[in-house]
Structures are given as structure tokens and as C-alpha cells.
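**Q** Sequence and predicted structure are below.
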Amino acid sequence: MTYTVTLVDFPAAPPDVIHAAEARFRAALDKALADQVAPTLRAFQSASESSANELTKDEVKLASDWATAYAKAKEAGFRGLGDADEAYFEVRLA
């Protein structure tokens, strides 16, 4: 399944800088999760909307994997950009 990455709330950055940051984020996410981006994102979203006792062990593991991979990808994406407290990468399944 395909997905999109969008850098949100990073003010006054030129489009090429934003595109490069999104590409770094995506590359790091793909490296960490390979073909598991969609299931881990869905598990994370489910975990965010549920209590822990409503999730299977596999869903909890996938959600945890997403959080770890997202943090690494975020670090890669923001490398060299400087501080932007409100900025984040939005990932959407296509």
C-alpha cells in the first residue's frame, strides 16, 4: 500500500527544502518498517483510540514499532532544518 508524507507547520521553508525533508523522512521510515508501514500505522491509530486491554499483543507490538520508526524518521527528516516546535510529519495511507 502506498502512503504520502507531508511536512506540516514548517514556516517559510522553500519547496525544495520541504521536499528533501519529506524524502529523508520517508526513506528512514521505509528502512525501519519495509513493507509494514500500513499495518504498523493502522495499529498505532487503533491503539491511540483504544484502551490497552482492547488490543491484541500483535497490535501493541506493531503500534510500538510505529512509534519507534516514526521517531527515527522524524529525526532524519528534520536533520539540518533547525527548530520548528509546531512542525511534524503527517503520514497518510493512500
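**A** Okay, I see it.
**Q** wait, isn't residue 65 in contact with residue 40?
**A** Yes: proximity of residue 65 to residue 40 meets the contact threshold set by Cβ atoms under 8 Å, at 5.0 Å. Every C-beta, even on glycine, is put in place using the N, C-alpha and C of the backbone.
**Q** so what's in contact with the two at the same time?
**A** For the pair residue 65 and residue 40, residues contacting each of them under the criterion Cβ atoms under 8 Å, 6 or more residues apart in numbering are residue 33.
**Q** of these two, who's got more company?
**A** Neighbour count, other Cβ atoms under 10 Å: between residue 65 and residue 40, residue 40 has more, with 23 against 17.
**Q** that's a strand at that one, yeah?
**A** No: the assignment for residue 40 (DSSP: H, G, I helix; E, B strand; the rest coil) gives helix, which keeps it out of a strand.
**Q** Could you find the closest non-adjacent residue to it?
**A** residue 66 (4.1 Å; Cβ to Cβ, 6 or more residues apart in numbering).
**Q** Surely the one you found touches residue 46?
**A** No: Residue 66 is beyond contact range of residue 46, at 10.4 Å (criterion: Cβ under 8 Å).
**Q** When these two are compared, which one has more neighbours?
**A** The residue with more neighbours, out of residue 66 and residue 46 and counting by other Cβ under 10 Å, is residue 66; that gives 25 against 16.
**Q** hmm, back to that, for the helix or strand where the residue nearest to residue 40 lies, name the packing helices and strands.
**A** Using DSSP states H and E, residue 66 sits within helix 57-78. Applying 3 or more Cβ pairs under 8 Å, 6 or more residues apart in numbering; DSSP states H and E, we find helix 57-78 packed against helix 15-33, helix 37-48, strand 88-93.
**Q** Residue 2: which of the ones you listed is closest?
**A** In terms of Cβ to Cβ, the element of the helices and strands packed on helix 57-78 nearest to residue 2 is strand 88-93, at 7.7 Å.
**Q** what's the spacing between residue 64 and residue 86?
**A** In this structure, residue 64 lies at 26 Å from residue 86, with Cβ to Cβ, to the nearest Å as the measure.
**Q** So for these two, which residue has more residues nearby?
**A** More neighbours surround residue 64 than the other of residue 64 and residue 86, with 14 against 8 (other Cβ under 10 Å).
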